[in-house]
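Colleague: Pasting the sequence and the predicted model now:
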Amino acid sequence: MFRSTRTRGAALFAGLLLTAGLAAPAHAEGSGSATLDAVRARGQLVCGVSTGVPGFSLPDSQGVTRGIDADGCRTIAAAALGDASKVKFVPLTTTNRFTALQSGEVDVLIRSTTWTLAREGNLGLEFAWVNYYDGTGFLVKKSSGVKSAKEMDGATICVQPGTSTELAIADYYRLNNMKFTPILIQDLPEIQNAFLSGRCDAYSTDGSALATFRFSQGPKADDLVLLPEIISKEPLGVMVRKGDDKWFDVARWSYVAALTAEENGVTSQNIDSFADSKVPDIRRLLGLEGELGKALGLDNKWAYNIVKQVGNYGEVWDRNITPMGMPRGINNLWNKGGLQYAPPMR
Amino acid sequence: MSGTALSAIRPPAIVLGPWGWARANLFSSWWSTAVTLALGYLILRWSLDFVVWGVVNAVWTVPVNAQGKADATACYSAKGVGACWAVIADKYRFILFGRYPYDLQWRPAVCIALFIGLFVVSGLRAFWRKELALIWLVALTAIGILMWGGVLGLAYVPQDMWGGLPITLILSTFGLAFAFPLAVLVALGRRSTGLPAVKLLCVLYVELIRGVPLVSLLFMSSVMFPLFMPEGVNIDKLLRAQIAIILFAGAYLAEVVRAGLQALPKGQQEAADALGLTYWQKTGFIILPQALRVVIPPLVNTFIGFFKDTSLVLIIGIFDLLTAGKIAISEPTWQGFSTEVYIVLAAIYFAFCYAMSKYSHGLERTLDRARR
């Protein structure tokens, strides 16, 4: 009940905000992007992240926010300000994340948020890029002998209530004419204990979370099996406000630059050895020729700063996701069998 | 004859002393003995199990590699038989101080000490003088300087980086320090007969705030409020939460104070009026001292409740003590060692709440002397 009122409220406010935006168009001086100008004047990018999702954004023992989302913030800061360390991380819950972006409390929202039509259509926000392709999966015990989700007719499944996972499972079972009993548990440690103690046959949530959980079992990880079926699409993306297209470009092309660098084998370690490179793509990426930065309202060294200070997409992946025991899978580059396809930078 | 009577004056040890007490209270009948034995066995067994789990088989430290990542293999092999206190050893600074810059964490540590010192000083009757206000002012200024920095060569730390125990102490201390005077005013306003507008306002405030859960007030402050502000104007998240807590605590405390006011016999007011005291003299010298004394137990009850309620700020993404603990165990290395972290968190909350409760008992005893 609360959910639906909230969504409606959010939509209403988004509408109000849009009208306000139309009434007072952004100032034309500076870069042509109100958000980029604000970020520059502040000297800091304000980036909405999660309160704690391992691998995506989670403060470590020293309080430094780490993860693929957190490094996404650093990537954009490196492009916009030339300094990846100038980021203020604002931890947001699933409830207040969209409001924070709508109200201007944050400049960009990178909080493992699934790109859906309703969110882009209703909220006055839009997705600039997908930094992680996720999907709902199933985790079962090896001792159960289950090899495929199709064998799980009549199974009990542990799932968090009110999530897109719950809907995805219901759809999947209806489509396959099978029955299942959901066991709804809100709290994460509790749901994991329920699965381990055998209260349910399977535990279902985003594939990344399942792999992390399996990996966190240490030596006992081999007792758990991730089923091959991925039953929903969950592209997790980078969100900005509608109405500031220049800022949208900065967010999108910062990610593209990190991908292009990986495609061309440019890393934070070896980037300076490309100073006399003859490859046109690399020369343009590093700002040695052309004026790509200017087209975005940025310094021509913007992509160099990204790769030098944060690293290319693969490095960010290896730093944050690989330690959790996740294979690269569909998040690999397009020429290595994945979905990460960077449009040409020229 | 008289010799035997004299020796009979001293009762047998079995009636008095610890044995006598045990006989009278624990072994008075066959079922009482059975219950005692059964409970005694369970308590002994559980405490023994706890000691074996928490001390004997516990893993205290684990190796940390060059990147600062802990290797929890030892903990995983001890799981189920021994506690993994290594999670606390690795995470205690994050749990206590949140995202506060690591190298500067001595500053919030000093703040915690200042807060505790402030509580102790305020509790001692010898310090109940006008100078106490000065002590508070100095201590709170010092805490502000230490937490924010930016002066005296201290690096500036914005409040969105604050976290852990200081956040819990700030929210509850400021919350109650501001809510209490507000509550007294509201309670007086609600009882006033001469000012119907003020009375209506006070009734509305109390009923509206009391009619919604704290969670919804926090949501209002974090989700709705920013949308009403003009573009580019943002009131800090922590301040918004703090105001919500003050307003909420104020409404509850006002009702407690009002109960005290109502418990006072009308003769006290009439006597004060007969002496020709003004309203504020009457209230300050006659009514409030007596009314507040009556309501010490419910006041402290509310204080304790609010100290723990501050943990609700987790729903708006502020890292208080409890949230910091929860985040500490969402790291994959330490997932599954929540018990250890929650035990430590419970111990910290218990220490503060028990101290409050103990102190209020003492206060009641001292202040009630007149009535005994």
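Modeller: Arrived safely, thanks for sending. Residues are numbered from 1 along each chain as shown, chains lettered A, B, ... in the order given.
Colleague: From here on, just use CA atoms for contacts and neighbour counts.
Modeller: OK.
Colleague: Residue numbers of the stretch 51-200 of chain B in contact with chain A?
Modeller: With C-alpha under 8 Å from any C-alpha of the partner chain as the criterion, the stretch 51-200 of chain B comes near chain A at residues B:73, B:76, B:90-91, B:93-94, B:98-102, B:160.
Colleague: Mind picking the one among the residues you listed that's closest to B:Thr283?
Modeller: B:Asp160 (41.3 Å; C-alpha to C-alpha).
Colleague: For the closest one, which residues are in contact?
Modeller: By C-alpha atoms under 8 Å, 6 or more residues apart in numbering or on different chains, the contact list for B:Asp160 reads A:90, B:237-238.
Colleague: do the same with A:Asn320
Modeller: Contacts of A:Asn320 by C-alpha under 8 Å, 6+ apart are A:55-56, A:66-68.
Colleague: rewinding a little: out of the contacts of B:Asp160, which is most surrounded?
Modeller: Most neighbours among the contacts of B:Asp160, by other C-alpha atoms under 10 Å in any protein chain shown: A:Val90, with 22 neighbours.
Colleague: of all the residues of the stretch 51-200 of chain B next to chain A, which comes closest to chain A?
Modeller: B:Arg99 (4.0 Å; C-alpha to the nearest C-alpha).
Colleague: Chain neighbours aside, what residue packs nearest to that closest one?
Modeller: Closest residue to B:Arg99 apart from its sequence neighbours, by C-alpha to C-alpha, 6 or more residues apart in numbering or on different chains: A:Gly63 at 4.0 Å.
Colleague: Residue 186 - how many residues pack around it?
Modeller: No chain specified, so I'll use chain A. A:Gln186 has 14 neighbouring residues, counting by other C-alpha under 10 Å.
Colleague: um, chain B though
Modeller: 26.
Colleague: Surely A:Asp37 and A:Ser31 touch.
Modeller: Yes - using C-alpha atoms under 8 Å, A:Asp37 is in contact with A:Ser31, at 6.5 Å.
Colleague: and after the helix or strand containing A:Asp37, which helix or strand comes next?
Modeller: A:Asp37 is part of helix A:34-42 when elements are defined by DSSP states H and E. Following helix A:34-42 in sequence order, the next helix or strand is strand A:45-50 (DSSP H and E).
Colleague: So which residues make contact with that following strand?
Modeller: A:39, A:56-58, A:69-70, A:73, A:77, A:86-94, A:97, A:100-101, A:105-112.
Colleague: I'd like the average pLDDT over that strand.
Modeller: The average pLDDT within strand A:45-50 is 92.
Colleague: can I have it written out in CSV, keeping just the CAs?
Modeller: The C-alpha coordinates for strand A:45-50 follow below in CSV (Å, rounded to 0.1, in the frame of the first residue of the first chain):
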residue,chain,number,x,y,z
LEU,A,45,30.8,15.9,-7.6
VAL,A,46,27.9,14.9,-5.3
CYS,A,47,27.2,11.3,-6.1
GLY,A,48,24.3,9.2,-4.8
VAL,A,49,25.3,5.6,-3.9
SER,A,50,23.9,2.8,-1.8
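Colleague: Who does it pair with, and is each partner parallel or antiparallel?
Modeller: strand A:87-92 (parallel), strand A:108-114 (parallel) (DSSP bridges).
Colleague: Give me whichever of these is most buried.
Modeller: The highest mean neighbour count among the strands paired with strand A:45-50, using mean count of other C-alpha atoms under 10 Å in any protein chain shown, belongs to strand A:108-114: a mean of 25.
Colleague: Next secondary structure element downstream of that strand?
Modeller: The helix or strand immediately downstream of strand A:108-114 is helix A:117-122, counting by DSSP H and E.
Colleague: buried set for that following helix?
Modeller: Across helix A:117-122, burial judged by 16 or more other C-alpha atoms under 10 Å in any protein chain shown covers A:119, A:122.
Colleague: What lies in contact with the next helix or strand after it?
Modeller: As assigned by DSSP H and E, the chain's next helix or strand after helix A:117-122 is strand A:125-134. The contact list for strand A:125-134, computed with C-alpha under 8 Å, 6+ apart, reads A:69, A:102, A:112, A:115, A:119-120, A:206-208, A:233-242, A:248-249, A:251-252, A:255, A:330-331.
Colleague: Could you rerun that using 7 Å?
Modeller: Here strand A:125-134 makes contact (C-alpha atoms under 7 Å, 6 or more residues apart in numbering or on different chains) with A:115, A:120, A:206-208, A:233-242, A:248, A:251-252, A:330-331.
Colleague: Run through those residues and flag the ones next to chain B.
Modeller: Among these, no residue sits close to chain B (C-alpha under 7 Å from any C-alpha of the partner chain).
Colleague: Count the neighbours of B:Ile296 for me.
Modeller: B:Ile296, neighbours per other C-alpha under 10 Å, totals 19.
Colleague: Just give me the neighbour total for residue 283.
Modeller: You didn't say which chain, so I picked chain A. Residues near A:Arg283, counting by other C-alpha under 10 Å, number 16.
Colleague: that's the wrong chain, I meant chain B
Modeller: 17.
Colleague: Dihedrals phi and psi, it?
Modeller: For B:Thr283, the backbone dihedrals (degrees, to the nearest 10) come out as phi -70, psi -40.
Colleague: any idea how far it lies from A:Asp299?
Modeller: 68 Å (C-alpha to C-alpha, to the nearest Å).
Colleague: Stretch B:297-310: which residues count as buried?
Modeller: B:297, B:299-300, B:302-304, B:306-310.
Colleague: Can you tell me what sits against that stretch?
Modeller: Contacts with stretch B:297-310, where a contact means C-alpha under 7 Å, 6+ apart, come from B:168, B:171-172, B:253, B:256, B:353, B:357, B:360.
Colleague: for whichever residue of chain A sits closest to chain B, helix, strand, or coil?
Modeller: Chain A approaches chain B most closely through A:Gly63 (4.0 Å), counting by C-alpha to the nearest C-alpha. Under DSSP: H, G, I helix; E, B strand; the rest coil, the three-state class of A:Gly63 is coil.
Colleague: wouldn't it be in contact with B:Phe97 here?
Modeller: No - with contact defined as C-alpha atoms under 7 Å, A:Gly63 does not count as touching B:Phe97 (8.5 Å).
Colleague: Between those two, tell me which one has more neighbours.
Modeller: A side-by-side neighbour count of A:Gly63 and B:Phe97, using other C-alpha under 10 Å, places B:Phe97 first with 29 against 22.
Colleague: ok so, going back, with mean pLDDT as added columns, please give the strands paired with strand A:45-50 in a markdown table.
Modeller: Output for these, formatted as a markdown table (pLDDT from 0 to 100):
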| stretch | mean pLDDT |
| --- | --- |
| strand A:87-92 | 90 |
| strand A:108-114 | 91 |
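Colleague: Nearest to chain A among the contacts of stretch B:297-310?
Modeller: For the contacts of stretch B:297-310, the nearest to chain A is B:Thr168 (17.1 Å; C-alpha to the nearest C-alpha).
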